[in-house]
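Peer 1: next one to model:
(one chain, ligands or ions: 2)
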Amino acid sequence: MKLYSAKQIYKADQISIKKEEIGSNELMERAALQLFNWMHLRMQGAPVKIHLFCGIGNNGGDGIALARHLVDHGYNVEVYVINYSEKRSKDFLINLDRLKDRKVWPHFMNSDDELPEIGREDIIVDGIFGIGLNRSPDAWVVKVIQHLNNSQAFILSIDIPSGLFTDQGPEDFEAIVKSNFVLSFQTPKLVFFLPETGKYIEQWEVLDIGLDPEYLRVTETDYELIGKNEVLTMYKPREKYGHKGTYGHSLIIGGSYGKMGSVCLSSKAALYSGSGLVTSYVPKIGYNILQSSLPEIMVLTDADENELTDINIEIEPTVIGVGVGIGTSEATVKALSSFLKTNKLPLVLDADALNILSLNKELLKNLPEDSILTPHPKELERLIGKWEDDFDKLAKVKKFSKKHKCIVVIKGAHTIIVQNGKGYVNTTGNPGMATAGSGDVLTGVITGLRAQGYPALDAAIFGVYLHGRAGDIAVESTGFQSLTASHLIDNIAGAYLDLFKMPEQPVVEEENQPS
Ligand SMILES: NC(=O)C1=CN([C@@H]2O[C@H](COP(=O)(O)OP(=O)(O)OC[C@H]3O[C@@H](n4cnc5c(N)ncnc54)[C@H](OP(=O)(O)O)[C@@H]3O)[C@@H](O)[C@H]2O)[C@@H](O)CC1
Ligand SMILES: [K+]
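Peer 2: Ligands and ions are numbered 1, 2, ... in the order given. Here you go, the predicted model:
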């Protein structure tokens, strides 16, 4: 699913109005009706108090129009206009008049007005600012926002939580509504998925207000949201006459004394994700460990007992996953450096391989094109330097990816895969996956996919999706706290099977069945 910028949404709005020959207030009416239907379906006329806080632009206009529909259906509403500017939008004013026709008189709130009482069982509709926010709100508006956040009432935000910018990081974190639910028009916004701002959104849903499909289809976006539909188009079915050679040979290079588990996890994950063959290259200490725990995997050893000192491979794998558990000793840095200088095979780099690259940036020029780097936040910071906020981080990663012609997997609650100027935002996964070895499994999955012939970008996107989905399936039986990296591997199979599961059909009541 494409994630459109505010500028693109405004453009879609203009094109739709022109093409359909409708007034902008008709689009607002569509938006308001969708909001109303969503609420009405769930509330079924319940007499709960609904407080609608509306700004003076079109986000406020949506709120005012929604209030009219709620009033027409007998809901218990109270409307407040947060009077933060004299510049009221045309469609806001049209809807204000329509509301007044119903004899509903909003409270116009200015800077020194008392804040209304809100019960914790009440519902708040947040229509103060939408995608038109372009500067930090005034102090008194921040106070109103804080009042809503402190009320403990359920907050439903229209389009975007008020106070969040659509395409830049926040300036004032106190000035953002903490939404329980966001009903976002046409597209979710990128900020819903970034670590600094995503926490202001508990749940979201998109309401389709029928913006011009042609414009939406042809418009390229800087970010895409990755769900099942997106990865299904990447999936490579197995061929009837395929053999293990058809599905590639993954080589996992890693490990040091006390860290052999990481290689076991990566190697096993490569195998479970479908790699035809898997070989692990480890210090001698790892030989018995791998051979006895993973009978399907072949093992090659370094000359040294405890750490990698000379990466000398005499096989021809399809892809190499390197870095898990290797440490950063002088001998290993040397071994990795000389390996990178001669290697031409596709690479997936993780953990200390990334730290070694950060300390020896000149090695970056040796990476084959489309190498996949999978840093966690600290490793990323070592690679690209500190960032000011999430948008600055994304800009820096894009620059890095472009410069070094590589793919960067920014691991996090919503992992983002960046290639060149574009980001792919993953939707699977859960907090239970913040556990030891989770990253080693991801390295293995991506390596295994690459081995099977998935193009680098697809391997990274699909791998991150499968890894997260395996976690989502696992957590149903483990709970967050007890989820381990091994559970992730055990559920890679489930994640694959889930790709082809049909959504459950609604149960047909017996009396509705034809006799
Ligand atoms: N195509 C769609 O998807 C549709 C979208 N619709 C809805 O429209 C919403 C966008 O509406 P909008 O453009 O009127 O902007 P909105 O967010 O209401 O802000 C109002 C104005 O406030 C101002 N302002 C900004 N920051 C400020 C600040 N800190 N303190 C004080 N003032 C500030 C700024 O004006 P300025 O003062 O800069 O001239 C801004 O224009 C969108 O989120 C959705 O709900 C639907 O109706 C149907 C179709
Ligand atoms: K809002």
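Peer 1: tell me the mean pLDDT over stretch 163-180?
Peer 2: In this model, stretch 163-180 carries a mean pLDDT of 97.
Peer 1: cool, and stretch 43-51?
Peer 2: 97.
Peer 1: same check on stretch 473-493?
Peer 2: Averaging pLDDT along stretch 473-493 gives 98.
Peer 1: from now on call the first residue 762
Peer 2: OK, 762 is where the count begins now, so the last one is stretch 1234-1254.
Peer 1: which parts of it are buried?
Peer 2: Under the neighbour-count criterion of 16 or more other CB atoms under 10 Å, stretch 1234-1254 has 1234-1236, 1239, 1244-1253 buried. For glycine as for every other residue, the C-beta is placed from the backbone atoms N, C-alpha and C.
Peer 1: state the helix or strand in which residue 1048 lies.
Peer 2: Following DSSP states H and E, one finds residue 1048 within helix 1048-1054.
Peer 1: what's residue 1034 in contact with, if anything?
Peer 2: Neighbour list for residue 1034: 1205, 1206, 1209, 1210, 1213, 1224, 1227, 1253 [criterion: CB atoms under 8 Å, 6 or more residues apart in numbering].
Peer 1: just put the residues you listed in CSV and tack on distance to ligand 1 and secondary structure.
Peer 2: Listed next are the contacts of residue 1034 as CSV, based on distance: CB to the nearest ligand atom, whole Å; DSSP: H, G, I helix; E, B strand; the rest coil:
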residue, distance to ligand 1, secondary structure
1205, 42, helix
1206, 37, helix
1209, 41, helix
1210, 37, helix
1213, 41, coil
1224, 34, helix
1227, 33, helix
1253, 39, helix
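Peer 1: highest neighbour count among those?
Peer 2: Among the contacts of residue 1034, residue 1205 has the most neighbours (other CB atoms under 10 Å), with 36 neighbours.
Peer 1: can I assume that one is in contact with residue 1024?
Peer 2: No - contact criterion CB atoms under 8 Å: residue 1205 and residue 1024 do not qualify, at 9.3 Å.
Peer 1: give me the common contacts of those two.
Peer 2: Common contacts of residue 1205 and residue 1024 (CB under 8 Å, 6+ apart): residue 1013.
Peer 1: what lies in contact with stretch 1020-1028?
Peer 2: Here stretch 1020-1028 makes contact (CB under 8 Å, 6+ apart) with 1011, 1013, 1015-1016, 1039, 1041, 1043, 1046-1047, 1050-1051, 1054-1055, 1058, 1082, 1085-1088, 1111-1112, 1198, 1201-1202, 1204-1205, 1208, 1246-1247, 1250.
Peer 1: related to what we said a few turns ago, neighbouring strands for the next helix or strand after the helix holding residue 1048, and are they parallel or not?
Peer 2: Using DSSP H and E, the helix or strand that follows helix 1048-1054 towards the C-terminus is strand 1059-1062. Partner strands and pairing direction for strand 1059-1062 (DSSP bridges) are strand 1038-1043 (parallel).
Peer 1: hmm, who's touching the strand it pairs with?
Peer 2: Contacts of strand 1038-1043 (CB under 8 Å, 6+ apart): 1005-1006, 1008-1016, 1021, 1024, 1028, 1031-1032, 1047, 1051, 1055, 1057-1063, 1069, 1072, 1074, 1076, 1078, 1209, 1212.
Peer 1: give me the buried subset of these.
Peer 2: Neighbour counting with 16+ other CB under 10 Å marks 1008-1016, 1021, 1024, 1028, 1031-1032, 1047, 1051, 1055, 1058-1063, 1069, 1072, 1078, 1209, 1212 as buried within the contacts of strand 1038-1043.
Peer 1: just to revisit the earlier point, now, which of the buried residues of stretch 1234-1254 lie within strands?
Peer 2: Assignment to strands by DSSP state E places none of those there.
Peer 1: how about the residues of this protein near ligand 2?
Peer 2: Residues of the chain lying near ligand 2 by CB under 5 Å from the ion: 887, 918, 919, 923.
Peer 1: model confidence score at the first one, please.
Peer 2: If you check residue 887, the pLDDT there is 98.
Peer 1: let me know the secondary structure of the residue lying closest to it once chain neighbours are set aside.
Peer 2: Nearest residue to residue 887 in three dimensions, chain neighbours excluded: residue 918, at 4.2 Å (CB to CB, 6 or more residues apart in numbering). Three-state assignment for residue 918 (DSSP: H, G, I helix; E, B strand; the rest coil): strand.
Peer 1: can you tell me how far residue 918 is from residue 1116?
Peer 2: From residue 918 across to residue 1116, the span is 40 Å (CB to CB, to the nearest Å).
Peer 1: the more surrounded of these two?
Peer 2: Shown here are residue 918 and residue 1116; by other CB under 10 Å, residue 918 has more neighbours (29 against 19).
Peer 1: pLDDT at that one, what is it?
Peer 2: pLDDT for residue 918: 98.
Peer 1: ok, the residue in the stretch 1162-1276 of the chain that ligand 1 sits nearest to - contacts?
Peer 2: Of all residues in the stretch 1162-1276 of the chain, residue 1186 sits closest to ligand 1, at 19.9 Å by CB to the nearest ligand atom. For residue 1186, the contacting residues are 764, 951, 954, 984, 985, 986, 987, 1175, 1176, 1177, by CB under 8 Å, 6+ apart.
Peer 1: please name the nearest non-neighbouring residue to the most centrally placed residue in the chain.
Peer 2: Nearest to the mean C-alpha position of the chain, by CA atoms, centre = their mean, lies residue 1175 at 3.3 Å. Closest residue to residue 1175 apart from its sequence neighbours, by CB to CB, 6+ apart: residue 954 at 4.1 Å.
Peer 1: and that neighbour, how many neighbours?
Peer 2: Neighbour count of residue 954, defined by other CB under 10 Å: 24.
Peer 1: could you do residue 777 as well?
Peer 2: Look at residue 777: counted by other CB under 10 Å, it has 23 neighbours.
Peer 1: try the one 3 residues further on
Peer 2: The tally of other residues near residue 780 (other CB under 10 Å) stands at 11.
Peer 1: dihedrals phi and psi, it?
Peer 2: Reported as degrees, to the nearest 10, the phi and psi values for residue 780 are phi -70, psi -40.
Peer 1: could you do residue 996 as well?
Peer 2: Torsion angles, degrees, to the nearest 10, at residue 996: phi -60, psi 130.
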